[in-house]
Every structure is written in structure tokens, then in C-alpha cells.
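# The sequence isn't on hand, but the structure is:
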Ligand code: SF4
Ligand code: SF4
Ligand code: SF4
């Protein structure tokens, strides 16, 4: 297992209590980075409804990552698993004079795609539940994609920990796609290379947050450096310890974190509110690990403080009162500090 030392590590924290499922992030990324030939099916940013099979379909069970440091075999997701690109009947609706009769729909009905027939959710009415889960490449500290590439085409930048694919070196073997347990790498059939989220490195280099974060109307994506003690990332990950890794058992040590959803209470047969959470704790544990119950308690306690008009640094941070500071500009990394796995 390759634990890679970097000088600074950029990271993202997403508060799942605030995601609207609007897909603005997906479109922001699409418009900026994946409009070239061979990239039609690529959504480097995905937002799925949970519980559900996600994109690519059933990715959580496709293998990859590590177990006790040993690389695990993984499945190669097909273009159908990701969802074939849709073509809409624009001509018919806009140019055929049938605007009153025709409605917009895909010409080719995909069997599966992001935000297409995947809105399942869980539970039974009146206690059904769902939440949205946005995902990008996690720019992992132990990237199994990097370990699997026999060409040395994947590298993690020392200056900020962003994981990138060198398209000159990539020969399209796709071992990285099998090895990534988050299934966040796509194959470009036109260029015959693997491609993925680049954490908007040209923006990050200019101190501008990633497009998916900057455009998010829910203001739920914090971007910054893990060693910036004044920044929201350090506070959420290391001080308050409420930001959790998705599927930590994959052992790649993601640098994208999540504030878990605080479940609404169930209601009983008389429509009275109970103390039981709608989202089963076991389900959240299967996503974020065993500590998620304690994290939710911290979030609830801090939320209660605000309800009682007491102060809460954590809630002020999550509400986004400091939005011009926390969402418009990237705080600087501290010069000279070295992030090593386990040093935080
Ligand atoms: Fe590699 Fe997957 Fe981790 Fe991204 S999420 S760095 S593609 S292992
Ligand atoms: Fe796309 Fe940039 Fe967000 Fe990655 S960080 S998903 S490249 S917008
Ligand atoms: Fe959620 Fe923000 Fe993406 Fe909308 S833009 S789906 S609120 S993360």
C-alpha cells in the first residue's frame, strides 16, 4: 500500500444535511471539464439518492481498495453501469411546431444513469427516508488507482495532494478503474485514456475553490487545506471530528469527508413523533463506520444549543455565516508544514 507524503493536502467536507440534490455541482463540472469528444458519459461529480445503487450502478460492491493493506480485486464498471449519454428530442420540442404536444425526453431511454430512475430511498410510508450523496474522486492518501497502474501514469502532487492521471503515459489498461473502490475513474474511448476529477487544480492554484463547491447553492462544500488550523476543514475534521470518510474500510484514506445526515424522527401509527430515527443507524454505519452515531449526537447537541439561543462554533460553521470567507476563496496552506498519514 502506497502511503504518499505530501507537503499539504487539499480536502473537501460536504454537509449532507444541506444537499438539495439540484445537480448544479454536476453541471458546473460538466461544463468546465468534460465536454470534449469521448467524455459525453462522464460525470466527474455525481449526486445520487441514498439508499440506492448509485452510479456506476452498484459501485459499493464492485471491489478494489485494500484489505489490511493488501490490494483487492475490483470489477471494471461498464459504460452501461455509469449510464449511457442521453440525447434529448430538442428539435421536436423547439423547432417542429409541436410545442403544445411534444415534451422533452431522451431519444434513447437509458437503463440506468445518474439522476435517472435511481431515486429509490428507503423505509415504508409514513417513515420513508432518503438523502443525497454527492461524490467526486477522493484524492486519497493511499490511492489504490495509483498503486494499480503499471505505467506509473497516476501521481499525487506533493504541493497539494491532488491525484492526477498523466494522459501521455496512460495506455488505457483500466486497472485503475478496477482498483478504485469508489469507481470514480472513466474511460475515454476516443482518446483511449482513463480520466477523472482533477480537483479543479488550475482554480486551486489561484486560490479559487473547485467549481462544484463554488457553484453549490446549498453552500455545503467546504474546500481547504488540512493543515490550515483556522480554516473550516481543519475545524470540522480535526477539532470537532464530525467530518467522516465514506467507506473507510476501503483503506484508501479519502480526503473528501462528509457531515452525516441527522435523521428525522419516526412517527407512530397515531402520527405522533417518536424517539426512533428514520434512517437506521446500521445503514449509516455501513457508509461511515461505527462512530457515526456519536457524531450525530454531537451534531444534535450543538444544534440544540442554537435552538436555545446559545453559541455554537460548529453550527455557525455549518450554517455558513462566514460564507464570503469560507466559500469564495481558498485559505492558504501553511508554508513548510508536512502532512503525513496519521500526523493529524
Ligand atoms: Fe484514486 Fe479512486 Fe481514490 Fe480517486 S477515489 S484517488 S480514483 S482510489
Ligand atoms: Fe469537477 Fe472540479 Fe468538482 Fe472535481 S473538483 S468534480 S473536477 S468541479
Ligand atoms: Fe447538492 Fe450543492 Fe450539488 Fe446541489 S450543487 S446537488 S446542493 S452538492
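That came through fine. Keep in mind the model is a prediction, meaning the values are calculated, not measured. Ligands and ions are numbered 1, 2, ... in the order given.

# Could you give the number of residues near residue 143?
For residue 143, the count of nearby residues is 27 (other CB atoms under 10 Å). Backbone N, C-alpha and C define where each C-beta goes, glycine included.

# can you pull the contacts of it?
Taking CB atoms under 8 Å, 6 or more residues apart in numbering as the criterion, residue 143 is in contact with 2, 4, 154, 156, 163, 180, 252.

# Around the residue nearest to residue 277 when sequence neighbours are not counted, count how many other residues there are.
Spatial nearest neighbour of residue 277, chain neighbours left out: residue 263 (3.7 Å); criterion: CB to CB, 6 or more residues apart in numbering. Residue 263: 18 surrounding residues under other CB under 10 Å.

# Over to residue 200?
Count around residue 200 with other CB under 10 Å applied: 25.

# any idea how far the residue lying closest to it once chain neighbours are set aside is from ligand 1?
Nearest non-adjacent residue to residue 200, counting by CB to CB, 6+ apart: residue 210, 3.9 Å away. Going from residue 210 to ligand 1 by CB to the nearest ligand atom, to the nearest Å gives 14 Å.

# circling back: and the two most separated of the contacts of residue 143?
Using CB to CB, the contacts of residue 143 reach their maximum pairwise distance at 4 and 180, which is 15.3 Å.

# List the beta-bridge partners for the residue positioned nearest the centre of the chain.
Geometric centre of the chain, nearest residue: residue 135, 1.9 Å, by CA atoms, centre = their mean. Beta bridges link residue 135 to residue 46 when assigned by DSSP bridges.

# May I ask you to confirm that it is in contact with residue 48?
Yes - contact criterion CB atoms under 8 Å: residue 135 and residue 48 qualify, at 7.4 Å.

# hey, what's in contact with both of the two?
In contact with both residue 135 and residue 48: residue 54, using CB under 8 Å, 6+ apart.

# thinking again about what came up before, neighbours of the residue nearest to residue 200, how many?
Neighbourhood size, residue 210 [other CB under 10 Å]: 26.

# Residue 72 versus that one, what's the distance?
Distance, residue 210 to residue 72, by CB to CB, to the nearest Å: 29 Å.

# same check, this time on residue 45
Taken as CB to CB, the span from residue 45 to residue 72 is 25 Å.

# Neighbour count for these two, which is higher?
Comparing residue 45 with residue 72 by other CB under 10 Å, the one with more neighbours is residue 45, at 28 against 16.

# Next, give phi and psi for that one.
When quoted as degrees, to the nearest 10, the phi and psi of residue 45 stand at phi -110, psi 130.

# Run through the strands of the stretch 101-250 of the chain in chain order.
131-135, 154-156, 163-165, 185-188, 193-196, 221-225, 244-245 (DSSP state E, counting those that start in this stretch).

# tell me the most buried of the ones you listed?
Of all these, strand 221-225 carries the top mean neighbour count, a mean of 26, counting by mean count of other CB atoms under 10 Å.

# Any residues of the protein in contact with ligand 2? List them.
28-29, 33, 44-45, 136, 197-200, 210-212 (CB under 6 Å from any ligand atom).

# Please convert the residues you listed to TSV, extending it with distance to residue 107 and pLDDT.
Listed next are the residues of the chain next to ligand 2 as TSV, based on distance: CB to CB, whole Å; pLDDT from 0 to 100:
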residue	distance to residue 107	pLDDT
28	25	98
29	24	98
33	25	98
44	24	98
45	25	98
136	29	98
197	28	98
198	31	98
199	34	98
200	32	97
210	32	97
211	29	97
212	28	97
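
# pLDDT score for residue 235?
On pLDDT, residue 235 comes in at 96.

# Skipping adjacent residues, who's closest to it in space?
Nearest non-adjacent residue to residue 235, counting by CB to CB, 6+ apart: residue 317, 6.1 Å away.

# Contacts only, for the one you found.
Per CB under 8 Å, 6+ apart, neighbours of residue 317: 232, 235-236, 326.

# Out of the residues you listed, which end up buried?
Buried members of the contacts of residue 317, scored by 16 or more other CB atoms under 10 Å, are 232, 235-236, 326.

# could I get those residues as a markdown table with distance to residue 205?
Shown next, in a markdown table, are those (distance: CB to CB, whole Å):
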| residue | distance to residue 205 |
| --- | --- |
| 232 | 20 |
| 235 | 24 |
| 236 | 24 |
| 326 | 19 |
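
# Looking at these, which are in helices?
232, 326 (DSSP state H).

# any idea which of the buried ones among the contacts of residue 317 is closest to ligand 3?
Checking these against ligand 3 with CB to the nearest ligand atom, the nearest one is residue 326 at 14.5 Å.

# Without its sequence neighbours, what residue ends up closest to the closest one?
Spatial nearest neighbour of residue 326, chain neighbours left out: residue 232 (5.1 Å); criterion: CB to CB, 6+ apart.

# Could you verify that the residue nearest to residue 235 is part of a helix?
Yes - assessed with DSSP: H, G, I helix; E, B strand; the rest coil, residue 317 lies in a helix.

# which one in this protein is furthest away from the centre?
Centroid-distance maximum for the chain: residue 97 at 41.6 Å, with CA atoms, centre = their mean.

# so how far is ligand 1 from that residue?
47 Å.

# Which pLDDT value belongs to that residue?
Looking at residue 97, its pLDDT reads 86.

# Can you pull the phi/psi pair for it?
phi 70, psi 10.
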